[in-house]
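> here is the input, now give the coordinates:
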Amino acid sequence: MTPTFFSTPHKLGILGGGQLGKMILRHTLQWDIYTKILDPDAEAPCRHACHEFVQGDLQDYDTVYNFGKDCTVLTIEIEHVNTEALRQLKAEGVIVHPDPEALATIQDKGLQKIFYTSMDLPTTNFSLHDGRESILDGLKNGIIHYPFVQKTRKAGYDGKGVSIIRSADDLDKLMPMESLVEDMVDMETEIAVIVARNAQGEIVCYDPVSMDFHAEANLLDLLLYPAPVDEKMAEHAKRISRLLIEALNICGLLAVEFLIGKDGQLWINEVAPRPHNSGHQTIESSMTSQYEQHLRGILNLPMGSTAMISPSAMVNLLGAEGHQGDVVYEGLEECLADANVHIHIYGKKKTKPFRKMGHVTVTAASLEEAKNKAIWIKEKLQVRSRS
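Numbers count the residues shown, from 1 in each chain. From the prediction side, this is the model:
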């Protein structure tokens with residue numbers, strides 16, 4: 001049984017102090033939960049909203065171990081952390097969510113694919129490679145066929161670590177690192193499902209969202225909630241998501257990304273065991289936000305309602321091309337004049353091209369209305385530098 005955290009000395013440690021952690025802290029402050037944050041950036045968005053802030057390397061064993069020793073429960077807001085330290089902390093009695101073994105599998109996209117295959121879940125054909133030469137050999141031997149996607153096995157995030165190879169003309173885009181190569185899906189759309197679980201095995205699931213991505217940055221550009229897909233497809237995706245969170249023995253959130261082919265086939269793309277970009281809209285348009293739901297899961301509390309309050313659309317606020325330096329937001333006043341426009345600024349003082357600086361959720365009576373207003377916001381609200 002997890003100790004009660006409300007107004008007690010028990011300490012919740014969070015590895016990562018970015019915007020996801022900042023939005024978790026909104027609820028820890030509401031519930032008077034003592035929090036401690038580790039992040040390599042002295043100016044991380046979480047720095048002023050937690051009780052203790054430690055600057056340090058999330059990948060360093062000693063840093064993570066020493067950070068977590070006095071925590072009752074330890075969780076993450078980014079996957080790229082030292083799992084060996086988490087294993088040791090768990091062995092010494094710290095409650096660690098997600099489980100270090102599940103996290104180690106998820107950190108490696110190759111192990112993720114092997115896991116899906118072992119469960120006979122739908123994932124695209126793939127092969128694993130040491131680097132560029134191995135991929136070129138695979139092409140020569142007929143193991144790999146154009147078009148394909150190369151993903152680095154570790155350390156990829158926010159569109160980084162992915163190369164799309166459509167023909168021999170793109171081979172200069174191949175990355176030299178350990179990678180997986182998978183068939184490219186002739187895609188109709190991408191969707192994501194957020195599922196949550198507590199230690200008692202209670203599971204709740206949000207309806208899927210649809211996602212459009214920025215062509216150059218490979219970052220989420222426009223999200224629609226609920227996804228405009230048929231009910232049968234939505235339930236299929238939710239069923240797989242429930243299977244995955246149970247099989248991985250994860251407490252807290254699991255975000256599951258899917259590809260839907262033009263032939264109607266659903267494929268698992270990848271997963272993240274934490275709050276996710278595809279769940280920001282739950283703050284305003286669901287009974288329980290994904291951030292509160294994550295806390296409920298890791299602290300073994302009753303899971304919250306995933307009922308939708310209203311349809312919504314969400315856009316990321318990305319740093320404009322050609323702008324780098326102290327940030328300025330243009331168009332804020334006009335957007336804030338609309339009561340159904342909800343702006344979240346992450347607290348990053350410096351902008352650069354395609355950096356995630358915030359997001360905006362639009363709630364509306366219909367999905368079409370929310371979508372149209374979100375497209376207007378993309379044009380109206382710009383993230384630029386002062387000079």
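> where do the helices sit along the stretch 51-200 of the chain?
Applying DSSP state H, counting those that start in this stretch to the stretch 51-200 of the chain gives helices spanning 61-68, 83-91, 100-107, 109-118, 132-140.
> any chance of the ones you listed in CSV, with mean pLDDT, mean neighbour count and distance to Q382 too?
Every C-beta, even on glycine, is put in place using the N, C-alpha and C of the backbone. Formatted as CSV, those follow (pLDDT from 0 to 100; neighbours: other CB atoms under 10 Å; distance: least, CB to CB, whole Å):
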stretch, mean pLDDT, mean neighbour count, distance to Q382
helix 61-68, 98, 19, 37
helix 83-91, 98, 19, 39
helix 100-107, 98, 19, 35
helix 109-118, 97, 18, 34
helix 132-140, 95, 15, 38
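> now these as TSV including distance to P353?
Output for the helices of the stretch 51-200 of the chain, formatted as TSV (distance: least, CB to CB, whole Å):
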stretch	distance to P353
helix 61-68	30
helix 83-91	32
helix 100-107	27
helix 109-118	25
helix 132-140	26
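> OK, contacts around the residue nearest to V73 when sequence neighbours are not counted?
Leaving aside its chain neighbours, V73 sits nearest to I95 (4.5 Å; criterion: CB to CB, 6 or more residues apart in numbering). Applying CB atoms under 8 Å, 6 or more residues apart in numbering, we find I95 in contact with T2, T72, V73, L74, I298.
> just give me the neighbour total for the first one.
Burial measure for T2: 16 neighbouring residues, criterion other CB atoms under 10 Å.
> that one contacts R296, doesn't it?
No. Look at T2 against R296 with CB atoms under 8 Å: they stay out of range, at 10.7 Å.
> so where's the stretch 1-150 of the chain uncertain?
Residue ranges of the stretch 1-150 of the chain with pLDDT under 70: 1.
> which residues in it form strands?
Here the stretch 1-150 of the chain has its strands, by DSSP state E, counting those that start in this stretch, at 11-15, 34-39, 52-55, 73-76, 95-96, 126-129, 148-152.
> nearest to Q382, out of the ones you listed?
strand 34-39 (27.3 Å; CB to CB).
> counting by contacts, list what the closest one packs against.
Counting contacts by 3 or more CB pairs under 8 Å, 6 or more residues apart in numbering; DSSP states H and E, strand 34-39 packs against strand 11-15, helix 19-30, strand 52-55, helix 61-68.
> and the contacts of it?
With CB under 8 Å, 6+ apart, strand 34-39 has contacts from 5, 8-18, 21, 25, 28, 44, 46-47, 50-56, 58, 63-64, 67, 70-71.
> now the buried members of those residues.
Neighbour counting by 16 or more other CB atoms under 10 Å classes 5, 10-18, 21, 25, 28, 44, 46-47, 50, 53, 58, 63-64, 67, 71 among the contacts of strand 34-39 as buried.
> how is this structure carved up into domains?
11-96, 125-183, 187-385 (automatic domain parsing).
> and A374, how far is that from I143?
42 Å (CB to CB, to the nearest Å).
> who's more crowded, those two?
A374 (22 against 14).
> where does the more buried one fall, helix, sheet strand or coil?
helix (DSSP: H, G, I helix; E, B strand; the rest coil).
> convert the C-alpha atoms of stretch 376-384 to CSV, please.
Output in CSV follows, covering the C-alpha atoms of stretch 376-384 (Å, rounded to 0.1, in the frame of the first residue of the first chain):
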residue,chain,number,x,y,z
TRP,A,376,-6.5,30.3,-36.8
ILE,A,377,-4.4,30.3,-33.6
LYS,A,378,-1.5,28.7,-35.5
GLU,A,379,-1.4,31.7,-37.7
LYS,A,380,-2.2,34.3,-35.1
LEU,A,381,0.0,33.3,-32.2
GLN,A,382,3.7,33.3,-33.1
VAL,A,383,6.8,32.5,-31.0
ARG,A,384,9.7,34.8,-31.9
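> wait, which of the helices of the stretch 51-200 of the chain is closest to M187?
Using CB to CB, the nearest of those to M187 is helix 109-118, at 17.7 Å.
> how much does the closest one deviate in direction from strand 148-152?
Comparing the axes of helix 109-118 and strand 148-152 via axes from the mean of the first three to the mean of the last three CA atoms, to 10 degrees yields an angle of 120 degrees.
> quick one: closest of the domains of the chain to S118.
Per CB to CB, nearest to S118 of the domains of the chain: domain 187-385, 9.3 Å.
> now do stretch 172-191: distance to the chain's middle.
Distance of stretch 172-191 from its chain centroid, counting by CA atoms, centre = their mean, to the nearest Å, is 18 Å.
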